[in-house]
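Engineer: make a model of this:
(2 chains)
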Amino acid sequence: SQQGEEDPQALSIQEGENATMNCSYKTSINNLQWYRQNSGRGLVHLILIRSNEREKHSGRLRVTLDTSKKSSSLLITASRAADTASYFCATGRFGETSGSRLTFGEGTQLTVNP
Amino acid sequence: GAVVSQHPSWVICKSGTSVKIECRSLDFQATTMFWYRQFPKQSLMLMATSNEGSKATYEQGVEKDKFLINHASLTLSTLTVTSAHPEDSSFYICSAPKYRGNEQFFGPGTRLTVL
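Structural biologist: Okay, here's the model as predicted:
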């Protein structure tokens, strides 16, 4: 079964609006991470939230984690055209220390229109 | 942050040839590195875990004899795609954790096209 499913698959918004992406997973986790990927490039780490945390902020990013529902959300506030990218959630498995193997979600393609 | 580089950034080869991709951690040592494959408009799929000084660990369904991994030093892992075929064309990305328990740092990826 697929670990880390995200919705929506694609999201198109206007500059200045907020963008919310959701991620669901199936197994117990140590942590959940969000990454960003510009087209044809490597991934950039955005934020990590541990399984005992419920919410975390970093600049314009806000991540929530609900372990009872096995879901997480990434909110980007006051979006900019430069935020256009694919966003992936990734889970580190429970019982494995990290630098552990990550399982990636399907990703959300975010387009921010100027 | 930490820097991970990959070389080459892109490669085109003929079917049947072998291609080597390097992954280097530039400013930190990595006893573990990870290799992913990403097809167009899809997510990253973990192929294998590269372990310095020992054999790589492959994910289910990944042929270890086709995708040879060598973690020769604390800053270098190589992935060799042997006898490449068009279906091996993909974006190959490596990553390395700088610290245990924290995020991983990704290389910029290598675009492989097999003709």
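Engineer: switch to C-alpha atoms for all contacts and neighbour counts from now on
Structural biologist: Will do.
Engineer: tell me which residues of stretch A:59-77 are tucked away?
Structural biologist: A:61-65, A:67, A:71-77 (16 or more other CA atoms under 10 Å in any protein chain shown).
Engineer: quick check: end-to-end length of that stretch?
Structural biologist: 9 Å (CA to CA, to the nearest Å).
Engineer: is any residue of it near chain B?
Structural biologist: No - under the criterion of CA under 8 Å from any CA of the partner chain, chain B is not reached by stretch A:59-77; the shortest gap measures 15.2 Å.
Engineer: quick one: contacts of that stretch?
Structural biologist: The contact list for stretch A:59-77, computed with CA atoms under 8 Å, 6 or more residues apart in numbering or on different chains, reads A:16-27, A:34, A:47, A:49, A:51, A:53-57, A:78.
Engineer: I'd like to know which of these are buried.
Structural biologist: Buried by 16+ other CA under 10 Å: A:19-25, A:34, A:47, A:49, A:51, out of the contacts of stretch A:59-77.
Engineer: can you verify my assumption that B:Thr31 contacts B:Leu74?
Structural biologist: Yes - with contact defined as CA atoms under 8 Å, B:Thr31 counts as touching B:Leu74 (5.5 Å).
Engineer: gap between A:Lys69 and chain B?
Structural biologist: 23 Å (CA to the nearest CA, to the nearest Å).
Engineer: now that residue: phi and psi?
Structural biologist: Main-chain dihedrals, A:Lys69, degrees, to the nearest 10: phi -100, psi 0.
Engineer: kindly report the same for B:Ser9.
Structural biologist: Main-chain torsions, B:Ser9, degrees, to the nearest 10: phi -80, psi -30.
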